[in-house]
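[1] Got a predicted structure plus its sequence, pasted below:
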Amino acid sequence: MPDHDSPTADSADEIYQGHEEADSLEAPSRPAPPAVPLPPEEQMRQPPLEPDPELIPTGDLRDEARLRAKKARPLLRRIIDTFKGEENRAYRELIINAEPLEKRVALLVDGVLEKFEVERAGESRLVSAVFKGRIQNLEPGLKAAFVDIGLPKNAFLHYWDILPAANDSAVEIVRENQSEEQRRRAEKISLKDIPRLYPVGTDIVVQITKTQIGTKGPRTTTNIALPGRFVVLMPYSGQCGISRKIEDRRERDRLKKILRELTIPEGMGVIVRTAGEGKKIGYFMRDLHILLKRWEEMQEKMKSPKPVMLYQEPDLVERTVRDFLTEDIDRVLVDNDKDYEQILKFVGEISTRSASKIQRYRESVPIFERYNIERQIEQTFQRRVPLPSGGEIVIEETEALVAIDVNTGGHKGSRDAGNFITQANLEAASEAARQIRLRNIGGLIILDFIDMKRPRDRQAVYTRMRQEMEKDKAKSHVLPISALGIMQMSRQRHEQSNASGIYTACPYCHGRGNVKSARSMSVEIQRKMLSHVRRLRTRPESQGRELRFRVLLHPTNLERLRTEDEQHLLDFEQAYHVNLAFRADPTYHVENFKILDADSGMELR
């Protein structure tokens, strides 16, 4: 076992050999030094400079993706696409990076990052979780109930979310399966009846629709929906329908017939998902059977006299597999044996044809670097994002709203400035919609476009924004550009934005700014160490010998490594034949660290 010495404020004490895991063959480019460079140690005491925004070469990414598509798509698939006139169909890949502290999933469309999700070890998955709770108090002024579901914060339940849900415009109702009691309640219950029907102390089953954000408790509904692979079961609804995203008329008629033939308990509703397109009735029967069995298990848990969790969404990998069946994904690539086997098992139960799309990544270069994902992710945490025309957008998240400003940036002017402004605004609309998805930004969003004089130009930008937001699964509402060049929009928010999980309140400024959390720094340090190990192992002089690293870092990050992540470091040493030593230096900024070759004393870059 490694020795543990407590670091002091006066001296940096060597404390420990541990382990880690990391991903980054090439270190991210650091910002250019100032005109008068500071001494190296002084630089480490300063916060890292935000690098200049880098324009991602999407053309190169698309070319690489096209080459992968030619190799990966089966010959029969390419022939079918040609007959359908879809030979230029976008190549869609799901890239899964599984590490001890984080699991990350990236959706690439022709090599460009279109969706990014992170799940960290120990985080609770509350969105879509179902609880048996108890009404603690009613607030007539807010028209809301507060429900004890066993969490530190009581859940918020609006009166509207207690009433039976109105018909969703995205679903075509095919079959009524309501019980007589449901019909009577739907006809008679109104908002003013809620306090009488649900007094304080009433037990109630609710599902979380929006997790706790800041000081606000989770938002819930009584309209429970349990998603399966092909159908969604709604135990308290009596309406059955089909997703309107299935557009083919013949297929819709076929699915309507299947939906009418399914044996569904009275009072329950079923919605056919887009993944059900082209599937035989046996798939729906099996999926419905699984969901009904899950509901029976939840009903058993409801017998508990206390608030209790009845159902929780699966982890990120299983959710990805379930949802990937609703998308036209060409390949799923995963870099971890355990998750690879898990995905194969899930998909193999449903479709052997889909199982052939699952591949295990075995190259030495970290998977997110291999496909240029790390560079694209870095951009999602920067304020400034460049545009192809030379302009840029600046994104600021505040307590009340998110502001996105469109600037001309590096553009020096041209003979036709009007066309440039319109082109820059069109590019900004596309990139803003993409960044909103990647950053998981929700709530009120204000976009300040460059002023355009012609109404048709403003209409073109508005149309582009609406088209881009239609690609987003989260519901949004976009308003036309005002005379001041301002566009207002809202986007459904289920969870905090991705930036909220990466950063924590800055200890240097008492929350007025952000620095990376100890967990994020731990992941970053471990990822960087693994990158150095893989690079050094390719050199003949490093073959077979033990590598020795010395890591200099802030005491806060060292404390995380020596406690929660100690076992990861021990595993790392054993797995990669590396000796690790750590030294805390309280003069270091919390986001800075150095990895040295302990034999030569040289910093590894």
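    Yes, it's here. These figures come from a predicted structure and were not determined experimentally.

[2] distance between the host helix or strand of Ala69 and the chain's centre?
    Using DSSP states H and E, the element containing Ala69 is helix 58-72. Counting by C-alpha atoms, centre = their mean, to the nearest Å, helix 58-72 is centred 24 Å from the centre of its parent chain.

[3] Stretch 260-269 too?
    34 Å.

[4] swap in stretch 389-406?
    For stretch 389-406, the distance to the chain centre is 20 Å (C-alpha atoms, centre = their mean).

[5] Now do the strands in the stretch 351-500 of the chain.
    Along the stretch 351-500 of the chain, counting by DSSP state E, counting those that start in this stretch, strands occupy 358-360, 384-386, 392-397, 402-407, 443-448, 476-478, 486-491.

[6] Likewise for the stretch 151-300 of the chain?
    Under DSSP E, counting those that start in this stretch, the stretch 151-300 of the chain gives strands at 155-158, 171-176, 203-210, 219-221, 226-227, 231-234, 239-243, 269-272.

[7] got the strands of the stretch 351-500 of the chain as TSV, with mean pLDDT and mean neighbour count columns?
    Where you see a C-beta, it was placed from the backbone N, CA and C, and this is true even at glycine. Compiled in TSV, the strands of the stretch 351-500 of the chain are given as follows (pLDDT from 0 to 100; neighbours: other C-beta atoms under 10 Å):
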stretch	mean pLDDT	mean neighbour count
strand 358-360	90	16
strand 384-386	90	20
strand 392-397	89	19
strand 402-407	93	20
strand 443-448	93	18
strand 476-478	92	17
strand 486-491	94	18
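
[8] Please identify which of these is closest to Lys210.
    Nearest to Lys210, of all the strands of the stretch 351-500 of the chain, is strand 443-448, at 10.5 Å by C-beta to C-beta.

[9] Format the CA atom coordinates belonging to the closest one as CSV.
    Extracted in CSV, the C-alpha atoms of strand 443-448 (Å, rounded to 0.1, in the frame of the first residue of the first chain):
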residue,chain,number,x,y,z
GLY,A,443,-35.5,27.5,-20.1
LEU,A,444,-35.6,30.9,-21.7
ILE,A,445,-33.0,31.6,-24.4
ILE,A,446,-32.4,35.0,-26.1
LEU,A,447,-30.5,35.2,-29.4
ASP,A,448,-29.1,38.6,-30.5
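
[10] Could you dump the strands of the stretch 351-500 of the chain into JSON lines and include distance to Asp193?
    Below are the strands of the stretch 351-500 of the chain laid out as JSON lines (distance: least, C-beta to C-beta, whole Å):
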{"stretch": "strand 358-360", "distance to Asp193": "51"}
{"stretch": "strand 384-386", "distance to Asp193": "50"}
{"stretch": "strand 392-397", "distance to Asp193": "40"}
{"stretch": "strand 402-407", "distance to Asp193": "38"}
{"stretch": "strand 443-448", "distance to Asp193": "31"}
{"stretch": "strand 476-478", "distance to Asp193": "30"}
{"stretch": "strand 486-491", "distance to Asp193": "30"}
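
[11] Tell me which of those strands sits nearest to Leu558.
    With C-beta to C-beta as the yardstick, what comes closest out of the strands of the stretch 351-500 of the chain is strand 392-397 (29.9 Å).

[12] What is the closest one packed up against?
    If contacts are counted by 3 or more C-beta pairs under 8 Å, 6 or more residues apart in numbering; DSSP states H and E, strand 392-397 sits against strand 384-386, strand 402-407, helix 417-439.

[13] ranges for the helices of the stretch 501-605 of the chain?
    518-537, 555-562, 566-576 (DSSP state H, counting those that start in this stretch).

[14] Turn the ones you listed into TSV, columns for distance to Gln312.
    Output for those, formatted as TSV (distance: least, C-beta to C-beta, whole Å):
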stretch	distance to Gln312
helix 518-537	22
helix 555-562	27
helix 566-576	25
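
[15] Now render these as CSV, adding mean neighbour count.
    Shown next, in CSV, are the helices of the stretch 501-605 of the chain (neighbours: other C-beta atoms under 10 Å):
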stretch, mean neighbour count
helix 518-537, 21
helix 555-562, 21
helix 566-576, 17
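
[16] Leu604 is nearest to which of those?
    So among the helices of the stretch 501-605 of the chain, helix 518-537 is nearest, using C-beta to C-beta, at 4.8 Å.

[17] distance between that closest one and the chain's centre?
    22 Å.

[18] what's the angle from it to helix 566-576?
    With axes from the mean of the first three to the mean of the last three C-alpha atoms, to 10 degrees applied, the angle from helix 518-537 to helix 566-576 works out at 10 degrees.

[19] Restrict the helix holding Ala69 to CA atoms and write it as CSV.
    What follows is helix 58-72 as a C-alpha-only set of coordinates in CSV (Å, rounded to 0.1, in the frame of the first residue of the first chain):
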residue,chain,number,x,y,z
THR,A,58,-16.4,19.8,-40.3
GLY,A,59,-15.5,19.1,-44.0
ASP,A,60,-12.6,16.9,-42.9
LEU,A,61,-14.8,15.2,-40.3
ARG,A,62,-17.4,14.4,-42.9
ASP,A,63,-14.8,13.1,-45.4
GLU,A,64,-13.5,10.7,-42.7
ALA,A,65,-17.0,9.6,-41.8
ARG,A,66,-17.8,8.9,-45.5
LEU,A,67,-14.7,6.6,-45.7
ARG,A,68,-15.9,4.8,-42.5
ALA,A,69,-19.4,4.4,-44.0
LYS,A,70,-18.1,2.7,-47.1
LYS,A,71,-16.2,0.2,-45.0
ALA,A,72,-18.9,-0.3,-42.3
